[in-house]
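# Structure for this input, please:
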Amino acid sequence: MVLTTKEYIEKLFAVWDTIDFIISENAGGDETKEKIEWFIEVCADYAEDKNNTDIMEFADWIDIILNDEFNVILEDDSSVSVAKNILEYCDALRKNDEVLMDEIVKKLLKVIQERSKNSSVKRKVEGNSDNEGSTDDSSDEDMEVQEDKPQKDRKPKQVTDDDGWTTIQRN
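Predicted coordinates:
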């Protein structure tokens, strides 16, 4: 299955807890939805530039946007994983490596499917609770799209410090 860079990023963001938090907390203000769409587009533009191949630079760039547009500061380095996945997919797309693209997309779709199952089971068990703004309790390590790791139930905890900053901590 071949996706455009933007389509791949949309699917990747669908399983990123940070995006869930931003949406649930309306972290971008009244224009959160529009800012997320813009964020997807600029990430696609950045990754499609063949000169942008450094994962850490891309992750730093993502962190700056999260801070500037959504007042979110990541402490879990999940932006590194997101940047890595996006750049790997773009590289395969540039090389027209359909086998690798298909493999990357299938791994991502498997993560999406697993999260969807976990979310459905959780809703049946817990009722219609909001679960602190997240639709999933699994760790951000899933962003690596590794299929051999067992899923761990970890409930994120929101902590607001004295300065008014809200952080999400994993147990």
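
# Next SSE downstream of the top helix by length along the chain?
In the chain, taking DSSP state H as the definition, the longest helix is helix 98-126. In the C-terminal direction, the helix or strand that comes right after helix 98-126 (DSSP states H and E) is strand 157-160.

# Do me a favour and average the pLDDT over that following strand.
Within the predicted structure, the mean pLDDT of strand 157-160 is 78.

# That one pairs with which strands?
strand 166-169 (antiparallel) (DSSP bridges).

# thinking again about what came up before, list the buried residues in the longest helix of the chain.
Of the residues in helix 98-126, those with enough neighbours to count as buried (16 or more other CB atoms under 10 Å) are M101, I104, V105, L108, V111, E114, R115, N118, K122. In short, each C-beta sits where N, CA and C put it, glycine included.

# Does the first one touch A92 like I think?
Right, the one you point to is M101. Yes - distance between M101 and A92: 4.6 Å, which falls inside the contact criterion (CB atoms under 8 Å).

# E75: neighbour count?
Under the neighbour criterion other CB atoms under 10 Å, E75 is assigned a count of 9.

# Setting aside sequence neighbours, what's the nearest residue to it?
In this structure, E75 finds its nearest non-sequential neighbour in T167, 6.4 Å apart by CB to CB, 6 or more residues apart in numbering.

# repeat for M1
Using CB to CB, 6+ apart and skipping residues adjacent in sequence, the residue nearest M1 is V105, 4.8 Å away.

# What distance do you get for the one you found to L12?
Between V105 and L12 the distance, using CB to CB, to the nearest Å, works out to 10 Å.

# ditto for I40
Distance check for I40 against L12: by CB to CB, it reads 9 Å.

# quick one, which of the two is more surrounded?
A count of neighbours by other CB under 10 Å puts L12 above the other of I40 and L12, at 23 against 19.

# Quick check, the more buried one in contact with L109.
No - when contacts are counted by CB under 8 Å, L12 is not listed as touching L109 (10.8 Å).

# so where's this structure shaky on pLDDT?
119-156, 170-171 (pLDDT under 70).

# same thing but 50
Applying pLDDT under 50 to the chain picks out residues 125-126, 128-142, 146-153.

# Once you drop chain neighbours, what's closest to R94?
Leaving aside its sequence neighbours, R94 sits nearest to K50 (CB to CB, 6+ apart; 6.5 Å).
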